[in-house]
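**Q** Predicted model and sequence below, questions to follow.
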Amino acid sequence: MTTSKQTTLVIIGGSTSINYLIRRYAERMGYSIVLMSSSIPAEAVCALLPLAVIFSSVETLEGSQPLVAGLANCDIPIVVCSSVMDQLRTRQLGADFCLIHPLGYDNFCETLTSAAVLQGTGRSAHRGQGESLA
């Protein structure tokens with residue numbers, strides 16, 4: 001497990017309304033946000049040591065599979081904004097957690113708390129157990 005608290009969240013994707021809401025919630029919790037393109041190399045994301053990487057939609061996650069594959073070696077939880085009906089699909093695409101629409105502050109806080117616990121415990125072990133997404 002990491003020794004210092006990560007305070008950065010990376011957002012991948014361009015949904016401005018979701019990004020705005022995530023930014024507001026993150027700032028309220030004391031996190032900073034870094035917006036990145038899905039074409040960024042995984043090493044650049046990993047170098048930031050973020051608490052989590054948040055994909056703004058299932059479509060963004062699906063289109064970012066090379067990045068998702070690269071993040072598997074970094075022990076950084078992957079979060080995606082999605083509907084309840086897309087939870088299984090997001091798991092198959094590599095997500096550890098879902099921020100369920102409509103995105104509320106409580107769901108956001110619970111998800112980030114779970115991501116903080118997961119980080120450093122081995123994402124692959126977590127994903128392999130078939131647990132439900134937060």
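**A** Thanks, I have it. Residues are numbered from 1 along each chain as shown.
**Q** now the strands for the chain?
**A** Secondary structure of the chain (DSSP state E): strands at 8-12, 32-36, 52-55, 78-82, 97-100.
**Q** can you pull the buried residues of stretch 13-21?
**A** 13, 15, 18-19, 21 (16 or more other C-beta atoms under 10 Å). In short, each C-beta sits where N, CA and C put it, glycine included.
**Q** Average pLDDT for that stretch, rounded please.
**A** When pLDDT is averaged over stretch 13-21, the result is 87.
**Q** Same question for stretch 100-115.
**A** Rounded mean pLDDT across stretch 100-115 is 94.
**Q** contact partners of stretch 90-107?
**A** Residues outside stretch 90-107 that contact it (C-beta atoms under 8 Å, 6 or more residues apart in numbering) are 18, 21-22, 25, 28, 52, 54-55, 58, 61-62, 65, 68-69, 71-72, 77-84, 86-87, 108, 111, 114-115, 118, 123, 126-127, 133-134.
**Q** I misspoke; the intended subject was stretch 26-34.
**A** 7-11, 19, 22-23, 48, 50-51, 105, 108-109, 112.
**Q** now this protein, which segments are flagged as low pLDDT?
**A** In the predicted model of the chain, residues 1-5, 120-134 satisfy pLDDT under 70.
**Q** which residue is nearest the centroid of it?
**A** Val79 (2.5 Å; C-alpha atoms, centre = their mean).
**Q** how close does it get to Leu9?
**A** Using C-beta to C-beta, to the nearest Å, Val79 is found at 8 Å from Leu9.
**Q** Pull up the overlap in contacts between those two.
**A** Joint contacts of Val79 and Leu9 (C-beta under 8 Å, 6+ apart) are 52-54.
**Q** Between those residues, which sits nearest Pro41?
**A** Val53 (12.9 Å; C-beta to C-beta).
**Q** Got a PyMOL select line for the buried ones in the contacts of stretch 26-34?
**A** Selection of buried members from the contacts of stretch 26-34 for PyMOL, criterion 16+ other C-beta under 10 Å:
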select buried, resi 9+10+11+19+22+23+48+50+51+108+112
